[in-house]
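Colleague: have a look; sequence and predicted model below, questions after that.
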Amino acid sequence: HMNRTITMSRKGIEHLLKKNEVDFFNDNAVIKDAKHVLLEQSGEILETDNIVIASGSEPSMFKPFSEIEGVWTSNDVFQMEEMPESLVIVGGGVIGVEFATFFSSFRVKTTIVELANHILPYEDADVADDIRKSLTRRGVEIIERSKVTEVEKEESSYILNAEGEQEISLQSEKVLVAVGRRPSITEDIRNLGLKIDKGVVTNSNMETSIDGVYAIGDIRAGIMLAHVASYEGIVAAHNIAGEDLKMDYSAVPSIIFSSPEVGSTGLRENEIEDKERVEIAKFPLSANGRARTVLENTGFVKVIADKESGRVLGMSIVSPSATELIMEGVIAVKNRLTVEELENSIHPHPTLSETILGALEGIDGMSIHI
């Protein structure tokens, strides 16, 4: 099913390229300078006024894992031919949590080891708490504030030693390293003389330190999300076409395909320095009629609003379909909408979207369902 879906997407994109008269070369591109690109297999050199670098990223791998045969990255998972009986996931961020959700669905004995104080370290603690509870109910063991220091491969399993509040020894059939990704910066990109920090540095027009050379997506080591990369490409295209469009990261939707899902955008509670200037309200999923009918009670919606203006500054959702629901928050933050404006928009009943309405009403102390 996965391979069919990917093939259909590829064929669809190839059709769209052809339909829009885009020349497509299935080759390895080597950037010679800001005006020339070599197609390595054919030997052809393309001359151009502009280049967009979009070479993406690769899974991070480091010692001791890089020295042990058979340790998985997120890429390797999709090549497996059968499910392991047990799995230790090193890293409890988005990738680690999503794979823990996946493998536990197939009753694989799954353990997450996370270095930070809680899984999903870039989300608020209350978001992480609900996902931790859900994963634990699914049989996932979660070990936080711990670092894997040693890995040893035996005949049919791995032994891992971790240090934290106490020393721990774990054994599993497979090990998955899920501690993030790093930009794929090849030598030809480095030889261009671009400004590089963690990734290729650009301005808000997506242009690099060299005129006519743009960079989008994970190569920038910024927000490594496909939908962000896609919009960065749109911004770059507008600017190449002679317009002036700036990239705005104020309302990026962050989504996690856990169970329940997570969606968040704008300001997080843990980022607030002066809590006197904001109002924060939460509405529990358990008080929502639609959630009760589908037997879901873990989760909430949290809204952060400016106390003076009532403008929505951020939203976090833990819920089934949170990755869809968060768009209301994205539109609100992006367009500087107020709590009142959203409250005065009728939300359909019975739907999960009413949990957002309940949180909005809570900002003014007017939530009638809790």
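Modeller: Structure received. Fair warning: this is a prediction, and the values are worked out from it, not measured in the lab.
Colleague: got the domain boundaries for this protein?
Modeller: The record's domain parsing of the chain by automatic domain parsing lists 74-177, 254-363.
Colleague: so G217 makes contact with L225?
Modeller: No. G217 is not in contact with L225 according to CB atoms under 8 Å; the separation is 9.1 Å. Every residue, glycine included, has its C-beta placed from N, CA and C.
Colleague: higher neighbour count, those two?
Modeller: More crowded of G217 and L225, by other CB atoms under 10 Å: G217, with 27 against 16.
Colleague: which strand or helix spans the closest residue to that one other than its chain neighbours?
Modeller: Spatially, and ignoring its direct neighbours in sequence, G217 is nearest to A229 (3.2 Å; CB to CB, 6 or more residues apart in numbering). Assigning secondary structure by DSSP states H and E places A229 in helix 226-240.
Colleague: strands along the stretch 1-150 of the chain, start to end?
Modeller: 29-33, 36-39, 45-47, 51-53, 57-59, 86-90, 109-113, 141-143, 147-153 (DSSP state E, counting those that start in this stretch).
Colleague: mean pLDDT and mean neighbour count for these - can I get that in JSON lines?
Modeller: Shown next, in JSON lines, are the strands of the stretch 1-150 of the chain (pLDDT from 0 to 100; neighbours: other CB atoms under 10 Å):
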{"stretch": "strand 29-33", "mean pLDDT": "97", "mean neighbour count": "16"}
{"stretch": "strand 36-39", "mean pLDDT": "98", "mean neighbour count": "16"}
{"stretch": "strand 45-47", "mean pLDDT": "98", "mean neighbour count": "11"}
{"stretch": "strand 51-53", "mean pLDDT": "98", "mean neighbour count": "23"}
{"stretch": "strand 57-59", "mean pLDDT": "96", "mean neighbour count": "17"}
{"stretch": "strand 86-90", "mean pLDDT": "98", "mean neighbour count": "24"}
{"stretch": "strand 109-113", "mean pLDDT": "98", "mean neighbour count": "23"}
{"stretch": "strand 141-143", "mean pLDDT": "97", "mean neighbour count": "18"}
{"stretch": "strand 147-153", "mean pLDDT": "95", "mean neighbour count": "15"}
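Colleague: contact partners for the residue nearest to R277 when sequence neighbours are not counted?
Modeller: Nearest residue to R277 in three dimensions, chain neighbours excluded: K307, at 5.6 Å (CB to CB, 6+ apart). Shown in contact with K307 (CB atoms under 8 Å, 6 or more residues apart in numbering): 276-279.
Colleague: check L176 too.
Modeller: Per CB under 8 Å, 6+ apart, neighbours of L176: 71-74, 76-77, 87-90, 96, 99.
Colleague: tell me the secondary structure for it?
Modeller: Following DSSP: H, G, I helix; E, B strand; the rest coil, we place L176 in the strand state.
Colleague: report the beta-bridge partners for it.
Modeller: W72, I89 (DSSP bridges).
Colleague: next, work out how far apart it and V71 are.
Modeller: Distance, L176 to V71, using CB to CB, to the nearest Å: 8 Å.
Colleague: repeat that for F78.
Modeller: 15 Å.
Colleague: and P348, by the same measure?
Modeller: According to CB to CB, P348 stands 47 Å off from V71.
Colleague: more crowded one of those two?
Modeller: Neighbours per residue, other CB under 10 Å: of P348 and V71, the larger number sits with V71, 20 against 10.
Colleague: for the more buried one, give me its contacts.
Modeller: Residues near V71 by CB under 8 Å, 6+ apart: 61, 65, 151, 158, 175-177.
Colleague: just E14 next, same as before
Modeller: With CB under 8 Å, 6+ apart, E14 has these contacts: F24.
Colleague: please apply the same query to S321.
Modeller: Applying CB under 8 Å, 6+ apart, the residues near S321 are 261, 352.
Colleague: ramachandran coordinates for it?
Modeller: phi 60, psi 20 (degrees, to the nearest 10).
Colleague: per-residue confidence at it?
Modeller: Predicted confidence (pLDDT) for S321: 97.
Colleague: around G242, how many other residues sit close by?
Modeller: Considering only other CB under 10 Å, G242 is surrounded by 6 other residues.
Colleague: gap between it and L160?
Modeller: G242 is 55 Å from L160, by CB to CB.
Colleague: just to revisit the earlier point, what is the nearest of the contacts of V71 to V108?
Modeller: Closest approach between those and V108, by CB to CB: L176, at 10.7 Å.
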